[in-house]
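In: Below are the sequence and a predicted model for it; my questions follow.
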Number of protein chains: 4
Amino acid sequence: MAPTTAIPHTPQNQTKAARRPPRRENRRQAVLKASAALFKSKGFERTSVRDIAAASGMLPGSIYFHFRAKEEILLAVQKAGIQHLSDAVESAILDVQEPWAKLEAACIAHMRVILGESDFAAAVLDISAARNSSVWPQIAAMRDEYEKNFRQLVDDLPVPPGTNRKYLRLALLGSINWTHRWYRPGRDSPAQLAVEIVWLFRCGLDPE
Amino acid sequence: MAPTTAIPHTPQNQTKAARRPPRRENRRQAVLKASAALFKSKGFERTSVRDIAAASGMLPGSIYFHFRAKEEILLAVQKAGIQHLSDAVESAILDVQEPWAKLEAACIAHMRVILGESDFAAAVLDISAARNSSVWPQIAAMRDEYEKNFRQLVDDLPVPPGTNRKYLRLALLGSINWTHRWYRPGRDSPAQLAVEIVWLFRCGLDPE
Amino acid sequence: MAPTTAIPHTPQNQTKAARRPPRRENRRQAVLKASAALFKSKGFERTSVRDIAAASGMLPGSIYFHFRAKEEILLAVQKAGIQHLSDAVESAILDVQEPWAKLEAACIAHMRVILGESDFAAAVLDISAARNSSVWPQIAAMRDEYEKNFRQLVDDLPVPPGTNRKYLRLALLGSINWTHRWYRPGRDSPAQLAVEIVWLFRCGLDPE
Amino acid sequence: MAPTTAIPHTPQNQTKAARRPPRRENRRQAVLKASAALFKSKGFERTSVRDIAAASGMLPGSIYFHFRAKEEILLAVQKAGIQHLSDAVESAILDVQEPWAKLEAACIAHMRVILGESDFAAAVLDISAARNSSVWPQIAAMRDEYEKNFRQLVDDLPVPPGTNRKYLRLALLGSINWTHRWYRPGRDSPAQLAVEIVWLFRCGLDPE
DNA sequence: AATGAATGAGGCTTCATTCAT
DNA sequence: GATGAATGAAGCCTCATTCAT
């Protein structure tokens, strides 16, 4: 008991061990946020480390205290973007049971992120810088891991026998991800778009 | 036969008008071909003018006899790629009348090009370098022009009333273009893939 | 005796003077040892303060508690290396009287150190970093001081009149120091090498 | 015959093929010369590519038209230095027959170069930058090749049976090369120094 | 005594581009 | 038509050092 009454006077001590890392982590996050925004607007290759430093309120050399190389920033941005997507999708499907509803919920969550304001998600969709970088293997692994969610969702769908589920999944993902090339906020929300697209796949068009 | 006897008197003129331009054009095409291949494998930004020159059998300075700037090469590559697509699609739908068959023919042609060996088409699908370049407006205009084909094809489709044809078109294009991110030559040919995807949109999945 | 009775009242003083400095001195020695090893294997310029810190189990900033600048580490390493040599030579010649035997003893001691495992001595022989540093004057002074030993030894030698003792000394030192560029532990020990070399100078080769 | 009368009007053509390379070669030599001087006075690591460019009358980027990397300049400087030595020694011993005289001639030539004004030879003797560079294997090979000359010269010497010729050679080379650490132009010339040193090895000191 | 974080200058190198020849 | 040589800006990154804590 004595200790517990003695320590309250020095709350810094307790928080020091808990706050220091956050400090560093904050700066790191600042770099990532600035980088994601720059990557989105100018592309990875056209963004210089100087740009990133300036946007993060640092000097160029300081970036290298937090990241070993420019490509490690790319990796971290991609990781964060995929994590955003993953978190959103997983929490969206948590309480949904019916297969089509579950898929729809996942698509809505996915699309809300990629069409939302997250610069991170935008970075995920621009694959070309990632594919040509030295960290592509790691990025590809994370992407695959994320796509497993959709594989499961599509596999659970009640579809006519003979349906190629792989093509179905990839066609759906293509339709959905392609939206970020043309979508502009306006009449329809990302969620409505998701619903429409899932509906297209579900019901088809042929009136006959 | 007559020409061969008539022309010999002005050999320079003829060679100037008939041989030089081809020669120059040949070199230009060589640069474009090499560039498209390099852009495909390394990306635009990671391809240097030196790389292009080396792959074209020239020295760096010589490139500038054919193009005013690196980004003009990008523009020309994109133009050629879109032209390939356009030619293929237009000739494919020429003799087809039925709307769904016509769309299918277009998709098959489109997909054959983008999944084929044309480095030019691959360059077209990597939008990010183009979007961040100074020639993006011109590239965007060409892409739009090409997509008009598909707008027409989708508009001619007999679909249930209330169908959002814009979303349908974009979803279809998304599914189709997305293939170049995952397709590997093997069991199914690009044409079969196109058929499958169009079928998905046409018939839907819901067994009920 | 008086001091020992006066001090017990201030135990802090004693521990401060007797315990803390050793601790600090230990860390300092650790830095020097790590530095000597790194300088030997990578050279002074290619060794970063970070390298030294890591090899000493510290962080970069901590080095500066013990040394004001990287070049002061170089100075300290050189000083330690020369001290090793000096101690070895002085104790080796202590009980030897005969001039040639005395020189031989010195050479054996010298060569044992420079061909031994002391990273410090190796640092001494790599003159180029030292010569280009800002602490070169101090280093040069220490080297000169050490070489005085050999000057004395050579001056005491009974040699034919007309012999240029300066050249003799420098030729001998050259032969001896050069060994560290080619010697590899094996058949002959450093001491045997020293004996051979001194013998060469003493007896000459010309059979006539 | 006709051609020979037609061509004189364009003498540039002929010289173009013969002068262009020299032009490039001249600039390359300028870089090497400036580099050797800078390496001698500041050391390789403390010499920046900017320094070299400035001393060669170029901009930093231009250096890389002539050399692929800073270390390739080091390699070229070392190569030139060793070539100087090799040429000097080979031509010096060409007409000498008697073994001791031949060795002496070689030593004189060698020492004239290393104590002369050639910045290249000075670079050769500063081994530490070379040893820590990535081009060390190539440099080491060239050095070995050069030292073979001396191996031959020492092997041809008439010496008492039991003499270790390897140690003899290395001791002699040590004495000779060490001079560049202490020699200052003055009373004795490099050649006189060489004679004295060879004499030391030949005749020994022991008056008995 | 030591550390974490940052600094800012400077390192080597690449690059698109130019231009006399 | 093409080349060789150079340019100069900018690229990524490392480094010795500092300083509040």
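Out: Alright, I've got the coordinates. Numbering: from 1, shown residues only, chains lettered A, B, ... in the order given.
In: Report the buried residues of stretch A:23-38.
Out: Buried residues in stretch A:23-38, counted by 16 or more other C-beta atoms under 10 Å in any protein chain shown: A:27, A:28, A:30, A:31, A:32, A:33, A:34, A:35, A:36, A:37, A:38. Where you see a C-beta, it was placed from the backbone N, CA and C, and this is true even at glycine.
In: and DNA strand E, which of these reach it?
Out: With respect to DNA strand E, and counting by C-beta under 7 Å from any atom of the strand, the subset of the buried residues of stretch A:23-38 in contact is residue A:27.
In: Output the below-cut-off pLDDT ranges for chain A.
Out: Under the criterion pLDDT under 70, the flagged ranges of chain A are A:1-22, A:205-208.
In: That one: helices as residue ranges?
Out: Along chain A, counting by DSSP state H, helices occupy A:2-6, A:11-42, A:49-56, A:60-66, A:70-93, A:99-115, A:119-125, A:127-131, A:136-155, A:165-182, A:190-203.
In: for chain A, which residue is closest to the average position?
Out: Ranked by distance to the mean C-alpha position of chain A (C-alpha atoms, centre = their mean), the top residue is residue A:81 at 2.5 Å.
In: Is it possible to get the buried residues of stretch A:23-38 out as JSON lines so that each row also shows distance to residue C:202?
Out: Conversion of the buried residues of stretch A:23-38 to JSON lines gives the following (distance: C-beta to C-beta, whole Å):
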{"residue": "A:27", "distance to residue C:202": "69"}
{"residue": "A:28", "distance to residue C:202": "69"}
{"residue": "A:30", "distance to residue C:202": "73"}
{"residue": "A:31", "distance to residue C:202": "69"}
{"residue": "A:32", "distance to residue C:202": "73"}
{"residue": "A:33", "distance to residue C:202": "77"}
{"residue": "A:34", "distance to residue C:202": "74"}
{"residue": "A:35", "distance to residue C:202": "72"}
{"residue": "A:36", "distance to residue C:202": "77"}
{"residue": "A:37", "distance to residue C:202": "79"}
{"residue": "A:38", "distance to residue C:202": "75"}
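In: Please identify which of the buried residues of stretch A:23-38 is nearest to chain D.
Out: Nearest to chain D among the buried residues of stretch A:23-38, counting by C-beta to the nearest C-beta, is residue A:38 at 26.4 Å.
In: just checking, the closest one touches residue A:47?
Out: Yes: here residue A:38 lies in contact with residue A:47, judged by C-beta atoms under 8 Å, at a distance of 4.3 Å.
In: Residue A:125 is in contact with residue A:183, isn't it?
Out: No: Residue A:125 is not in contact with residue A:183 according to C-beta under 8 Å; the separation is 11.4 Å.
In: joint contacts of these two?
Out: Between them, residue A:125 and residue A:183 share no contacting residue under C-beta atoms under 8 Å, 6 or more residues apart in numbering or on different chains.
In: Which residues outside stretch A:122-136 are in contact with it?
Out: Under the contact criterion C-beta under 8 Å, 6+ apart, stretch A:122-136 has outside partners A:36, A:39-40, A:43-45, A:71-72, A:74-75, A:77-78, A:81-82, A:85, A:114, A:139, A:143, A:177, A:180, B:42-43, B:46, B:126, B:128-129, B:181.
In: Could I get the buried residue list for that stretch?
Out: Neighbour counts over stretch A:122-136 (16+ other C-beta under 10 Å) mark A:122-130, A:132-133, A:135-136 as buried.
In: Mind putting these into CSV with distance to DNA strand F?
Out: Shown next, in CSV, are the buried residues of stretch A:122-136 (distance: C-beta to the nearest atom of the strand, whole Å):
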residue, distance to DNA strand F
A:122, 19
A:123, 15
A:124, 20
A:125, 21
A:126, 16
A:127, 19
A:128, 16
A:129, 11
A:130, 15
A:132, 14
A:133, 10
A:135, 11
A:136, 15
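In: Relative to chain C, which of the residues you listed is nearest.
Out: Sorting those by how near they are to chain C, with C-beta to the nearest C-beta, puts residue A:135 at the top with 23.6 Å.
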